[in-house]
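> please find the sequence and the predicted model below.
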Amino acid sequence: DTMQITTPISKRALDFFFIVGFSMFFVIAWLIDYINAIAPVGGFTPDTAALLSWPPKWMVKGYFWWCESCDPLLLANPMWFKFLSALSPFVFSPFYLVAIYAIYTGKNWIRMPIVVYASMLFLDLLTIFVDEFYGPTPSPNPLLFAMGYGPYLLFPLALLARFWNEAPFSPRPKSRSA
């Protein structure tokens, strides 16, 4: 059992990006994804959503604006999408908190859970992109959709690049110059 040296968080600037990303995903899970997780297949209408006690009314209004502007799949809420949406608040949000802690403190045991999570997120988002562009409820504004969801597609790729290394928080050996 060997003790690994951990690079301090102050010298891992990129990891702050992941901490902020996971923090944002936690909030989004409970403000937006929660709506689809509890909505019936076929989604809410503005009238039925007005009866919700959570999330706040301003968020529900923004949700419907987004659905009408560029994301009809979100509003249609087919069963497969409802399932993926439910994963966010009820499965992934606790993981986000664990990942934030592990990244901040430099715990290498988070590496494989992050690789698994990033792989799942990338596949989920790729499926959503294909449905939004070619499925039965295509986005009326693909550019706005891509601008909104693009970071979700890039985040798991950045995670994979960062955490592919077996000891992501250990100092890198200095390269010898020739």
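On my side now, so go ahead.
> what sits against Ser69?
Pro140, Asn141, Leu144 (Cβ atoms under 8 Å, 6 or more residues apart in numbering). Backbone N, C-alpha and C define where each C-beta goes, glycine included.
> leaving out sequence neighbours, find the closest residue to the first one.
By the measure of Cβ to Cβ, 6 or more residues apart in numbering, the closest residue to Pro140 outside its immediate chain neighbours is Cys70, 6.4 Å from it.
> and the pLDDT at the residue sitting nearest the centre point of the chain?
Nearest to the geometric centre of the chain sits Phe25, at 5.1 Å (Cα atoms, centre = their mean). Per-residue confidence at Phe25 stands at 97 (pLDDT).
> ok, residues contacting the helix or strand harbouring it?
In the assignment (DSSP states H and E), Phe25 maps to helix 13-28. Contact partners of helix 13-28, identified using Cβ under 8 Å, 6+ apart, comprise 9, 88, 92-93, 96-97, 99-100, 103-104, 155, 158-159, 162.
> kindly report the same for stretch 36-48.
With Cβ under 8 Å, 6+ apart as the test, stretch 36-48 has contacts from 35, 49, 52, 60, 64, 67, 74-79, 81-82, 85-86, 88-90.
> can you pull the buried residues of that stretch?
Of all the residues in stretch 36-48, those buried under the rule 16 or more other Cβ atoms under 10 Å are Asn36, Ala37, Ala39, Gly43, Phe44.
> for the helix-or-strand element of the chain with minimal mean pLDDT, the distance to its chain's centre please.
Least confident helix or strand of the chain, by mean pLDDT, DSSP states H and E, is helix 46-49 with a mean of 93. Helix 46-49 has its C-alpha centroid displaced from the chain centroid by 26 Å (Cα atoms, centre = their mean, to the nearest Å).
> same check, this time on stretch 38-45
21 Å.
> now the end-to-end length of that stretch.
End-to-end distance for stretch 38-45, by Cα to Cα, to the nearest Å: 13 Å.
> for that stretch, the averaged confidence score.
Stretch 38-45 shows a mean pLDDT of 95.
> same check on stretch 55-63?
For stretch 55-63, mean pLDDT is 95.
> so for it, what gets flagged as buried?
Of the residues in stretch 55-63, those buried (16+ other Cβ under 10 Å) are Pro55, Val60, Tyr63.
> surely the second one meets Ile32?
When you say that, I think you mean Val60. No - the pair Val60 and Ile32 fails to qualify as a contact (Cβ atoms under 8 Å) at a distance of 9.6 Å.
> what is in contact with those two at once?
Common neighbours of Val60 and Ile32 (Cβ under 8 Å, 6+ apart) do not exist.
> from the buried residues of stretch 36-48, which land in helices?
In helices, judged by DSSP state H, the following of the buried residues of stretch 36-48 are found: Asn36, Ala37.
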